[in-house]
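**Q** Starting from these lines, generate the structure:
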Amino acid sequence: MLLKNIRQTGSWLCILWIVLALCSCQNGGERVEHIEAFIVEDMMITAEGLYVPSGYKKVNSITNHEDNQGATLSRVRAIEDYYDSEGKFMKTRVYDQSHKRWKNIPNEDSSSQEKELEKPLTIHIPDDHGWKPAQLTDQQKDEIKAHVIKHTKKW
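**A** Here you go, the predicted model:
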């Protein structure tokens with residue numbers, strides 16, 4: 001009789017644990033999205049191990065971060081136009097990188113897709129080298145978001 005009660009209690013505890021674990025994964029958590037347009041100096045490393053300026057890049061990006069009780073998810077989609085020190089266009093790099101880290105189990109998933117193009121694609125970035133993010137209107141942010149998604153959703 002005692003053994004039967006222990007088995008029933010153990011079964012109920014197991015079912016309760018599974019339900020709680022599944023519910024914790026469904027929590028909405030915190031979601032953050034940043035849409036940016038900026039210019040940043042590009043660096044290269046010399047044979048001596050020193051970093052020297054090699055030009056600059058214009059960047060349109062969407063960064064998403066979600067943190068809930070089940071996992072932490074990060075995703076960066078970006079378009080980067082590279083220019084040499086004289087301002088001559090060199091290449092465009094388009095990429096989509098994501099990372100998911102589970103909290104309840106020791107497991108992580110990452111993916112990265114990238115392509116290079118030979119024409120500049122960034123938008124809403126002035127040519128002056130202010131080295132600071134552009135102040136974007138809501139309409140410009142919506143345009144950048146649509147533009148970046150358009151070039152990264154083909155994968």
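
**Q** right, and the helix or strand after the lowest-mean-pLDDT helix or strand in the chain?
**A** Least confident helix or strand, the chain: helix 2-25 with a mean of 48, by mean pLDDT, DSSP states H and E. Next along the chain after helix 2-25, taking DSSP states H and E as the criterion, comes strand 30-45.

**Q** Tell me the first helix or strand C-terminal of that next one.
**A** strand 51-67.

**Q** for that following strand, packing partners?
**A** Counting contacts by 3 or more CB pairs under 8 Å, 6 or more residues apart in numbering; DSSP states H and E, strand 51-67 packs against strand 30-45, strand 71-84, helix 138-152. (Each C-beta comes from the backbone N, C-alpha and C, glycine too.)

**Q** In the sheet, which strands lie alongside that strand, parallel or antiparallel?
**A** Partner strands for strand 51-67, per DSSP bridges, with pairing direction: strand 30-45 (antiparallel), strand 71-84 (antiparallel).

**Q** Columns mean pLDDT and mean neighbour count on top of the ones you listed, output as CSV?
**A** Shown next, in CSV, are the strands paired with strand 51-67 (pLDDT from 0 to 100; neighbours: other CB atoms under 10 Å):
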stretch, mean pLDDT, mean neighbour count
strand 30-45, 94, 14
strand 71-84, 96, 19
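
**Q** roughly how far out does the helix or strand containing R101 sit from the chain middle?
**A** Per DSSP H and E, R101 falls inside strand 89-102. Relative to its chain's centre, strand 89-102 lies at 8 Å (CA atoms, centre = their mean, to the nearest Å).

**Q** next one: stretch 70-82
**A** With CA atoms, centre = their mean as the basis, stretch 70-82 stands 2 Å off its chain's centre.

**Q** Which one of the strands paired with strand 51-67 lies nearest to D128?
**A** Closest to D128 of these, according to CB to CB: strand 30-45, at 8.5 Å.

**Q** the inter-axis angle of the closest one versus helix 138-152?
**A** Computed by axes from the mean of the first three to the mean of the last three CA atoms, to 10 degrees, the angle separating strand 30-45 from helix 138-152 equals 70 degrees.

**Q** could you check the angle strand 89-102 makes with strand 30-45?
**A** Angle, strand 30-45 to strand 89-102, by the same axes, to 10 degrees: 140 degrees.

**Q** what's the spacing between strand 30-45 and its chain's center?
**A** In terms of CA atoms, centre = their mean, the gap separating the centre of strand 30-45 from the centre of its chain is 10 Å.
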